[in-house]
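Novice: how would this look folded up:
(chains A, B, C and D)
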Amino acid sequence: MHRFANPARFMRIAERLLPWVSGATGLTLIAGLYFGLFASPADYQQGETVRIMYVHVPAAWMALFIYTTMAVASVSYIVWKHPLADVAAQAAAPIGAGFTAMALITGSLWGQPMWGTWWVWDARLTSVLILFFLYLGYMALVNAFDDPERGSRAGAILALVGFINVPIIKFSVDWWNTLHQPASVVKMDGPAIDNSMLIPLLLMALGFKLYFLVVLVIRMRGELTARRVRALRLVEADV
Amino acid sequence: MGGYGAFIWPAYGIVAIVMAGLLVAAVRGTRARARDLAALEATGVSRRGNPPQSKGSDGDDA
Amino acid sequence: MSAFWALVGRDLRLALRQGADAVMVLMFFVIVVTLFPLGVGPEPGVLERISSGIVWVAALLAAMLSLDRLFQADYDDGSLDLIVMTPAPLELVVLAKCLAHWLTTGLPILIVSPLLGVLMNMRPDAFWVLLAGMALGTPVLSLVGAVGAALVLGSRRAGVLVALLVLPLTIPILIFGVGAVEAAVGGYGARPHLLLLGAVLLFALPLCPWATAAALRQSTT
Amino acid sequence: MTEFQCSRFSGAGVDCARGGRLVFAALDFAVEPGCALVLVGPNGSGKSSLLRLMAGLIRPTAGALAWGDEEILKDRESHAGRTHYVGHQEAAKPAMTARETLGFWAAMRGAPGTGVERALEVIGLGHRMDYPGRYLSSGQKRRLALARLLAAPAPLWLLDEPSVGLDRDGVAMLERELAAHCERGGVVVLATHTEIALGSNAVELELGDFTPSREAVLARMAGEVV
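Specialist: A predicted model of the protein is given here:
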């Protein structure tokens, strides 16, 4: 097993880096906000509302990115029995669900001024909504078992099956959306993004990723300690 | 904000709330687990001769 | 292979002897569809436009209803241990379970769906496309449903949980199934929709038994 | 009856955890062809867990089991083909008759249906063959479960408290069948609290000896992620 396979060493390294990554997260987000809210032009079509894109689009990216990392962790848990993989997947799920919720809420907030309704069955918004259900299903399944190990194994299989289905669902929703294309849906992110808008977008995206790493490591530490407490209680119960 | 402030600020507000909420929940959850562990370690359940580990700082090598 | 037909035979015999389950699923399917005219109003124009969507959604829900019957009974009386311990590949055994489930649930839904099409004022020339769509779609419900049913074995509130896990995965079936009927009614051919349904079925055939077998193996520990 | 060309069934350094609890640790065992291994030990010492491990239903957290020199989990189907597992549950449907249930389980193992009647006769259910499962008493259901051993030949028998619910001549019948199976070169592993006569070549394995001490569990946990 490669060097990071040793869980204790991985967690020790991760926690030593935690303060640095947290600092980087703060700086990136502050820079992103500054560029996003103040130092970038309004869109000629959408006006100021385009600023919502700087949180909506990165949140939607994160929703899919975290689900992908959960699927990768699930594969390494099922196939290579990596001891940290299920902990990582379970720790990441709520964060992913949080980002998906953010993407949905900011999406409708962005859509309201544009189309006058809070929810639009736009292909991408619908796909993100379905991804939200996949997250909720995963979290419900993992916590539905008394034996946490059973939950981990079932969750890993579900995350994998869900991940394999994401492209099919995406294709079918896009396909469905073109069939029922309402006349005047303005494309969410405009024709081409001007450089001045690209900077805040990428800064926010980087900030969200760093934030994810920070919260993930903290949640993994929590989950590992919880498992140790459960094991110690079992030992105590035996004596 | 060109009159759209009513949509931009809530959007950023919600993002801030959710992210802060996730962070606080994570930190508080981990601290609570660490307290449980410390309580259990204090009752001598852990191995003799190994001082109760502080929050994961000196985990030994596998 | 004898294990395959032995399992299909046993499940069908059990389903016929305890006939109530299959009939209940059908009654649920019919009742859910009849609720819509009562809710939406009997205007033929409105009903006809939403008919394929309602029939398909009702078919999905009816299929969800009978999923926990797939493995739960065997899990409770110890048969699942022996089923996992058959000399035949577990994926094949799972396929037999899915076939038996489809014969007792998917097929009846398939047969009854044109009747409900009449209830929903669907144009008769769309019935064939509805049947073709159901013929390709309902097996996928059994296959994907088997994955969900195996995953929730031994969990709390398995009935609700399996629907929560499986329904998002059946969305492509719903979209292509309804699209096929609407295309037929709209005059342009339903061929692409049915081909896509067939593609999803061929995709689900190998993937779902593998996932169900993995889920069953981890449920016996 | 068929003569089994068996190989040695063994396990080395086997750990088993159920529900996060380490049930037993560093367990070694070996059963020669034609012999029987009797698992004894207090409740919760892992007799059932070990039997399910031997059946391949559970994956050990450490160590491995081997039939001859081939690890059983490497090829599940062939191990399932040579193993009969009779657990606490009867695996009999109330709506199916004894003959149908046994015929089904024999067909699942690819055995011809010819042995079903004979197995039911030997096991003492000859007069109840076409009785629906719901009318069988618990003792009769236990016999139906044991009849699976006879309906489809398999060298390795894993029995979890087989004598529970059997009357006196049921136990005698069981002892006869176990002895015959060993004579044919088969292997029997059974967990029991009651006395079952198994002849000379029976070895006892006290699982209490492998229950991990607190220090052992804590040491193992320290090795895990802290």
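Novice: what stretches of chain C score poorly on pLDDT?
Specialist: Along chain C, no part satisfies pLDDT under 70.
Novice: got it, and chain B?
Specialist: For chain B (pLDDT under 70), the answer is B:1-2, B:44-62.
Novice: can you map out the helices along it?
Specialist: Along chain B, the segments classed as helices by DSSP state H run B:5-42.
Novice: What of chain D?
Specialist: Using DSSP H, the helices of chain D run over D:47-55, D:76-81, D:98-108, D:115-123, D:138-151, D:168-183, D:214-223.
Novice: can you state the direction angle for the longest one and helix D:138-151?
Specialist: Angle, helix D:168-183 to helix D:138-151, by axes from the mean of the first three to the mean of the last three Cα atoms, to 10 degrees: 20 degrees.
Novice: How far off centre is helix D:168-183?
Specialist: 15 Å (Cα atoms, centre = their mean, to the nearest Å).
Novice: Save the helices of chain D as CSV, and put in distance to residue C:123 too.
Specialist: (Glycine included, C-beta is placed from N, CA and C.) Shown next, in CSV, are the helices of chain D (distance: least, Cβ to Cβ, whole Å):
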stretch, distance to residue C:123
helix D:47-55, 57
helix D:76-81, 51
helix D:98-108, 46
helix D:115-123, 54
helix D:138-151, 55
helix D:168-183, 67
helix D:214-223, 68
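Novice: which stretch among those comes nearest chain B?
Specialist: helix D:214-223 (4.7 Å; Cβ to the nearest Cβ).
Novice: If you count contacts, what does that closest one end up packed against?
Specialist: On a contact count with 3 or more Cβ pairs under 8 Å, 6 or more residues apart in numbering or on different chains; DSSP states H and E, helix D:214-223 meets helix A:195-238, strand D:21-31.
Novice: Turn these into CSV, columns for mean pLDDT, distance to residue C:186 and mean neighbour count.
Specialist: CSV is the format used below for the helices and strands packed on helix D:214-223 (pLDDT from 0 to 100; distance: least, Cβ to Cβ, whole Å; neighbours: other Cβ atoms under 10 Å in any protein chain shown):
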stretch, mean pLDDT, distance to residue C:186, mean neighbour count
helix A:195-238, 89, 40, 20
strand D:21-31, 89, 62, 19
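Novice: Nearest approach to chain C belongs to which of the ones you listed?
Specialist: Once the helices and strands packed on helix D:214-223 are compared by Cβ to the nearest Cβ, strand D:21-31 is nearest, at 11.9 Å.
Novice: Just the CA atoms from that closest one would do, formatted as PDB, please.
Specialist: Taking C-alpha atoms only, strand D:21-31 is exported to PDB below (Å, rounded to 0.1, in the frame of the first residue of the first chain):
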ATOM      1  CA  ARG D  21     -16.700  -5.900  18.400                       C
ATOM      2  CA  LEU D  22     -13.600  -8.200  18.000                       C
ATOM      3  CA  VAL D  23     -15.300 -11.600  18.600                       C
ATOM      4  CA  PHE D  24     -12.200 -13.800  18.500                       C
ATOM      5  CA  ALA D  25      -8.500 -13.200  17.400                       C
ATOM      6  CA  ALA D  26      -5.600 -15.100  16.100                       C
ATOM      7  CA  LEU D  27      -7.600 -18.300  15.800                       C
ATOM      8  CA  ASP D  28      -6.000 -21.400  14.100                       C
ATOM      9  CA  PHE D  29      -7.800 -24.600  13.300                       C
ATOM     10  CA  ALA D  30      -7.300 -27.600  11.000                       C
ATOM     11  CA  VAL D  31      -9.600 -30.500  10.200                       C
END
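Novice: Could you list the contact residues of chain A toward chain C?
Specialist: With the criterion set to Cβ under 8 Å from any Cβ of the partner chain, chain A comes near chain C through A:78, A:130, A:133-134, A:136-137, A:140-141, A:144-145, A:150, A:153-154, A:157-158, A:160-162, A:164-165, A:168-169, A:171-173, A:175-176, A:179.
Novice: Give me the neighbour count for the residue in chain A positioned nearest to chain D.
Specialist: Nearest to chain D, among the residues of chain A, is residue A:7, at 3.8 Å (Cβ to the nearest Cβ). Applying other Cβ atoms under 10 Å in any protein chain shown, we find 21 residues neighbouring residue A:7.
Novice: any idea which residue of chain C is furthest from its center?
Specialist: Computed with Cα atoms, centre = their mean, the residue of chain C farthest from its C-alpha average is residue C:43, at 29.8 Å.
Novice: The helix or strand where residue A:95 lies to helix B:5-42, inter-axis angle?
Specialist: Per DSSP states H and E, residue A:95 falls inside helix A:85-115. Computed by the same axes, to 10 degrees, the angle separating helix A:85-115 from helix B:5-42 equals 170 degrees.
Novice: Mind giving me the packing neighbours of helix A:85-115?
Specialist: helix A:53-80, helix A:123-142, helix A:148-179, helix A:195-238, helix B:5-42.
Novice: can you list these in a markdown table and add distance to chain D?
Specialist: Formatted as a markdown table, these follow (distance: least, Cβ to the nearest Cβ, whole Å):
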| stretch | distance to chain D |
| --- | --- |
| helix A:53-80 | 12 |
| helix A:123-142 | 15 |
| helix A:148-179 | 7 |
| helix A:195-238 | 5 |
| helix B:5-42 | 10 |
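Novice: nearest to residue D:164, of these?
Specialist: Shortest separation from residue D:164 across the helices and strands packed on helix A:85-115 is recorded for helix A:195-238, at 25.8 Å, computed as Cβ to Cβ.
Novice: quick revisit: next up, phi/psi of the residue farthest from the centre of chain C, please.
Specialist: phi -60, psi 120 (degrees, to the nearest 10).
Novice: what residues are up against residue C:70?
Specialist: Residue C:70 makes contact with C:97-98, C:101, C:145-146, C:149-150, according to Cβ atoms under 8 Å, 6 or more residues apart in numbering or on different chains.
Novice: before we move on, the earlier item: gap between the residue of chain A closest to chain D and residue A:52?
Specialist: 40 Å (Cβ to Cβ, to the nearest Å).
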